[in-house]
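Enquirer: Need a 3D model of the sequence below.
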Amino acid sequence: MISYCTEDRHGYSIKFSPYNSDCLIVATSRDFGFAGEGSLFILNIDNEGSIAKEYLKLHWSDGLFDVVWSESNIAIIVSCSGDGTLQLWNLQAPNVKPIIYSEHKTEIYSVDWSKCRQENKFLSASWDNTIKLWDPNRLNSLHTFFKHSNIVYTALFSPHISNCFASASADGTLNIWNCLDAVNPISVQAHNAEILCCDWCKFDHNLIATGASDGLIRGWDIRQITQPVFQWKASLCPIKRIQFSPHCLNVLASVGYDFNTKIWDLNQNCKALEIFSHHSEFVYGLDWNIHRKGQIADCAWDSFVKVFTLNCLSNI
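Expert: Numbering: from 1, shown residues only. From the prediction side, this is the model:
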């Protein structure tokens, strides 16, 4: 297991590079995100399998809650923050100030880049109850999506369907959107609690999962979204982030307020395949390495980043 400490910064989001198997980025905030500035740590895993020091460190005046790599440019990343702005950074010019996008009225908790490189767009989801679609070459958003009646915690592009994305909200609804239609999403009351996260299956373009503050993980078929296709109680605490494996059809990982990272098989969802209890605070960030089967990373409010390889996948 590889471990790295971000010192007085508390982890909110972590993403492996889609271009480099040994590079990852961590979005952090000071004072647990309640006050103070934020930092991005760009980390490289060396030949000895460790992180000696950060490759690059970028700072923002407010807490940073999420970050995403551009799918069209290896040097571009976008972060989002508590002041309601998004920042586009060029890693090849770290001393140049980022491009700022500032239409949201309050905290932005989620940012995602379209997996369709021809589209070259990204999404932001905010505590102002809206989602916005952006072209990185324009300072004004392309569309604003307003259907949720409470905080929107996440918005994610489908990895399969062009111009399609999902959003999950504190109002308990999961919405499936067409980027070309800002007013008529497919909607389901997915939980009787705040939905904190969702993720698309990497192998089945109709399958999406949600995780909520009630500790439940549910799966949904977007062709007939009235009832969940699977459900289990993953924790007594809120589920902060879930993510399907990019290598195994039925495998999903979750992190949350119980300090644990858990691995699940959808065919055996009553019990976790593997549980990692290596944090002493809320675990907020989670990501699979698409280049290395079974490698996963998480980050938590205890200021630690962990990169590790699962043992359970050899039996799947």
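Enquirer: how much space between S39 and R9?
Expert: 5 Å (Cβ to Cβ, to the nearest Å). For the C-beta atoms, the positions are set from N, CA and C on the backbone; glycine is no exception.
Enquirer: Now for those two: what residues contact both?
Expert: T28, R30 (Cβ atoms under 8 Å, 6 or more residues apart in numbering).
Enquirer: Among the two, which residue is more densely surrounded?
Expert: R9 (28 against 21; other Cβ atoms under 10 Å).
Enquirer: what pLDDT does the nearest residue to that one once chain neighbours are set aside get?
Expert: Counting by Cβ to Cβ, 6 or more residues apart in numbering, T28 is the residue found nearest to R9 once chain neighbours are left out, at 3.5 Å. As predicted, T28 sits at a pLDDT of 98.
Enquirer: Now T28: which helix or strand?
Expert: strand 23-30 (DSSP states H and E).
Enquirer: Paired strands for that strand, with orientation please.
Expert: strand 9-16 (antiparallel), strand 38-44 (antiparallel) (DSSP bridges).
Enquirer: pretty sure the residue nearest to R9 contacts G38?
Expert: Yes: contact between T28 and G38 holds when scored by Cβ atoms under 8 Å: they sit 6.1 Å apart.
Enquirer: overlap in contacts of these two?
Expert: Common neighbours of T28 and G38 (Cβ under 8 Å, 6+ apart) are R9, L64.
Enquirer: In terms of packing, which of those two has more residues around it?
Expert: With neighbours defined as other Cβ under 10 Å, T28 and G38 compare such that T28 has more, 30 against 27.
Enquirer: and the more buried one, what are its bridge partners?
Expert: Going by DSSP bridges, T28 forms beta bridges with G11, S39.
Enquirer: go on, A166?
Expert: Assigned bridge partners for A166, using DSSP bridges, are L156, I176.
Enquirer: give the contact list for it.
Expert: Applying Cβ under 8 Å, 6+ apart to A166 gives the contacts A155, L156, S158, L174, N175, I176, W177, C198, W200, I208.
Enquirer: which one among the residues you listed gets closest to Y19?
Expert: L156 (19.9 Å; Cβ to Cβ).
Enquirer: re earlier: okay, the residue nearest to R9 and D66: tell me how far apart.
Expert: Taken as Cβ to Cβ, the span from T28 to D66 is 11 Å.
Enquirer: got it, and I208?
Expert: The value you get for I208 to D66, if Cβ to Cβ is used, is 19 Å.
Enquirer: now swap in V307 and tell me
Expert: 19 Å.
Enquirer: likewise K53?
Expert: 24 Å.
Enquirer: So the two - more neighbours on which side?
Expert: D66 (24 against 10).
Enquirer: Am I right that the more buried one sits in a strand?
Expert: Yes: under DSSP: H, G, I helix; E, B strand; the rest coil, D66 falls within a strand.
Enquirer: what's the closest non-adjacent residue to it?
Expert: S13 (4.5 Å).
Enquirer: from the strands paired with strand 23-30, which stretch is densest packed?
Expert: strand 9-16 (a mean of 26; mean count of other Cβ atoms under 10 Å).
Enquirer: on that earlier part again, pull up the overlap in contacts between T28 and D66.
Expert: With Cβ under 8 Å, 6+ apart, T28 and D66 have common neighbours Y12.
Enquirer: Strands of the stretch 151-300 of the chain, start to end?
Expert: For the stretch 151-300 of the chain, the strands defined by DSSP state E, counting those that start in this stretch cover 152-157, 164-169, 173-178, 181-189, 195-200, 207-212, 216-221, 230-233, 239-244, 251-256, 261-265, 274-276, 283-288, 295-300.
Enquirer: Output those strands as TSV; include the columns distance to L139 and mean pLDDT.
Expert: Shown next, in TSV, are the strands of the stretch 151-300 of the chain (distance: least, Cβ to Cβ, whole Å; pLDDT from 0 to 100):
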stretch	distance to L139	mean pLDDT
strand 152-157	20	98
strand 164-169	21	98
strand 173-178	23	97
strand 181-189	19	92
strand 195-200	28	98
strand 207-212	31	98
strand 216-221	35	98
strand 230-233	42	95
strand 239-244	29	98
strand 251-256	34	98
strand 261-265	38	97
strand 274-276	41	97
strand 283-288	28	98
strand 295-300	30	98
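Enquirer: Looking at those strands, which is nearest to F145?
Expert: Closest among these, using Cβ to Cβ: strand 181-189, at 5.1 Å.
Enquirer: For the closest one, name the packing helices and strands.
Expert: If contacts are counted by 3 or more Cβ pairs under 8 Å, 6 or more residues apart in numbering; DSSP states H and E, strand 181-189 sits against strand 143-145, strand 173-178.
Enquirer: just checking, what packs against the shortest one?
Expert: On a contact count with 3+ Cβ pairs under 8 Å, 6+ apart, strand 143-145 meets strand 131-134, strand 181-189.
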